[in-house]
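Visitor: got a predicted model here, sequence first, then my questions.
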Amino acid sequence: MIVFSALLCGLLTALPPDVKPDLLPGIGNVSDHEIELAGLASLYPGRVLHEEPHTGDPGNAEFPPRVLDLPRDITYVRVYDLAKAVSKISDLLAQKTALIIDLRYVYGDTVAADSFADALSKAGLESAPLQGVGNIAEPTKLSGPASGDRHHAPPVVLVMVNGQTAGPLEARLAAFQEKESVLAVGTPTSGQPGEYQLVEGVKGYFVMTGEWRTAAGSVAGAGLKPRFAVDVTPEQNYRAYFNFEHGEDIANLLRPDHAVAPAKPPATPAAATGNATTSGNLTHSGNTTTNPPAAAPVTPAAPADDTTDAVLQRAVDVVAALQVLNRTPSSSTSGASSGTTAQPAAATAPAATQP
């Protein structure tokens, strides 16, 4: 790019003064330095930026996280400000078996990202080591689970991400996904995982001064690539996300088969003779065991328009697949009653597929 810049400037200076450079109008107002930076921004996306780095939020950062129960014993956590959400997430990690943490439109700075990662580590979730490169401090070492702290196996944790998930948080998520202890769902993150400095004397250019990387490499530029990619446009993602913010019931963001929990069958009256007891879905009367009448199927009303959140739906589907494969902890594996720590089921994720 420097050679191109020199040739271009030489060409322009060689032109007669009465000839205007129609090939590149306005080039005379651009400095060599800015031309070089523009080329570097094209060659190294995420490291040289011709825009301010993502450091913001969708306008709701003052809110605490929202927590909702989904079908299949899944807990959904929508995060606005990561620093304000870490304490709640830490509590849920100790109580739940499956968490979907929505980190779309979330910027996580170094302090918040480290606190979040430490909460995951204390819950027994494994992370690959990070290293600092450039003018940046080494990342904080994670605490890891202390002996006797856990009363059940680590939960299944999925994080929902998109192109506005940004900052050092990206590198921390990459470190957990590398070990497949936390799985990302959605679209690639912003690819701006480091610290940036405004270039003096050149308007609007920022240069990365340091970043965190795993042994597998950097997420600068390309961003964290989710283990489960979802084919959704930024506009569709934005609309689905903010439909919920504008009051849409979360059930309407899922397909009808996942919109409500399965209905429980009605209680069956005990037979007139013998001592009748009920166990699960079977009714025992004397020496006879009979099935209760089938419950009427519950079909939720279809949403008035296409409000389905494809990223959330994929996350629910992944958890459901892991449950079917017996790769999620359950109350039966909990060691709370005996005071022992249960071993987690295999955490290997099912194969990623496109919708």
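Guide: Structure received. All values derive from a computational prediction rather than experimental measurement. Residues are numbered from 1 along each chain as shown.
Visitor: and the pLDDT for the closest residue to residue 144 other than its chain neighbours?
Guide: Once flanking residues are discounted, residue 144 sits nearest to residue 121: 5.2 Å by C-beta to C-beta, 6 or more residues apart in numbering. To be clear about C-beta, it is placed using only N, CA and C from the backbone, and glycine gets the same treatment. On the pLDDT scale, residue 121 is placed at 96.
Visitor: domain ranges for the chain?
Guide: 2-43, 66-253 (automatic domain parsing).
Visitor: average model confidence for the shortest one?
Guide: So that's domain 2-43. Average pLDDT, domain 2-43: 58.
Visitor: quick check, residue 243 in a helix?
Guide: Yes - assigned with DSSP: H, G, I helix; E, B strand; the rest coil, residue 243 falls within a helix.
Visitor: quick check: it vs residue 311, distance?
Guide: Distance of residue 243 to residue 311, given as C-beta to C-beta, to the nearest Å: 13 Å.
Visitor: can you pick out the residue with more neighbours from those two?
Guide: Between residue 243 and residue 311, residue 311 has the larger neighbour count (other C-beta atoms under 10 Å), namely 27 against 20.
Visitor: what's the neighbour count on the residue lying closest to the more buried one once chain neighbours are set aside?
Guide: In space, and not counting its chain neighbours, residue 311 is closest to residue 186: 4.5 Å by C-beta to C-beta, 6+ apart. By the criterion of other C-beta under 10 Å, residue 186 has 27 neighbours.
Visitor: and for residue 309?
Guide: 26.
Visitor: that one: what's it in contact with?
Guide: Counting by C-beta atoms under 8 Å, 6 or more residues apart in numbering, residue 309 makes contact with 240, 241, 243, 244, 253, 254.
Visitor: 10 Å - rerun?
Guide: Contact partners of residue 309, counting by C-beta atoms under 10 Å, 6 or more residues apart in numbering, are 102, 104, 160, 230, 232, 236-237, 239-241, 243-244, 248, 250, 252-254, 315-316.
Visitor: just the buried subset of those, please.
Guide: In the contacts of residue 309, burial by neighbour count holds for 102, 104, 160, 230, 232, 236-237, 240-241, 243-244, 250, 252-254, 315-316, counting by 16 or more other C-beta atoms under 10 Å.
Visitor: how about the nearest residue to residue 177 once chain neighbours are set aside, secondary structure?
Guide: Using C-beta to C-beta, 6+ apart and skipping residues adjacent in sequence, the residue nearest residue 177 is residue 184, 5.4 Å away. Following three-state DSSP, residue 184 is assigned to strand.
Visitor: and residue 184, bridged to which residues?
Guide: Residues in a beta bridge with residue 184, per DSSP bridges, are residue 159.
Visitor: any idea how far it lies from residue 33?
Guide: 37 Å.
Visitor: and those two? Which one has more around it.
Guide: Higher neighbour count among residue 184 and residue 33: residue 184, with 25 against 13, using other C-beta under 10 Å.
Visitor: ok, that one touching residue 225?
Guide: Yes - taking C-beta atoms under 10 Å as the definition, residue 184 is a contact partner of residue 225 at 7.9 Å.
Visitor: what's the local residue count around residue 326?
Guide: By other C-beta under 10 Å, the residues close to residue 326 number 10.
Visitor: any idea how far it is from residue 169?
Guide: 31 Å.
Visitor: that older thread, residues contacting the residue nearest to residue 311?
Guide: 102-104, 158-163, 165, 224, 226, 228-230, 232, 237, 310-312, 314-315 are the contacts of residue 186 under C-beta under 10 Å, 6+ apart.
Visitor: and for residue 85?
Guide: 63-67, 77-79, 92, 101, 103, 106, 108, 112, 115-116, 119 are the contacts of residue 85 under C-beta under 10 Å, 6+ apart.
Visitor: residue 121 versus that one, what's the distance?
Guide: Separation of residue 85 from residue 121 (C-beta to C-beta): 16 Å.
Visitor: ditto for residue 236
Guide: Residue 236 is 34 Å from residue 121, by C-beta to C-beta.
Visitor: just residue 48 next, same as before
Guide: According to C-beta to C-beta, residue 48 and residue 121 sit 33 Å apart.
Visitor: could you pull out the strands for the protein?
Guide: Assigned by DSSP state E, the chain shows strands spanning 48-49, 66-70, 74-78, 98-102, 130-134, 156-161, 182-186, 195-198, 206-214, 228-229, 276-279, 282-285, 288-290.
Visitor: what about the third one, average pLDDT?
Guide: In other words, strand 74-78. The model assigns strand 74-78 a mean pLDDT of 97.
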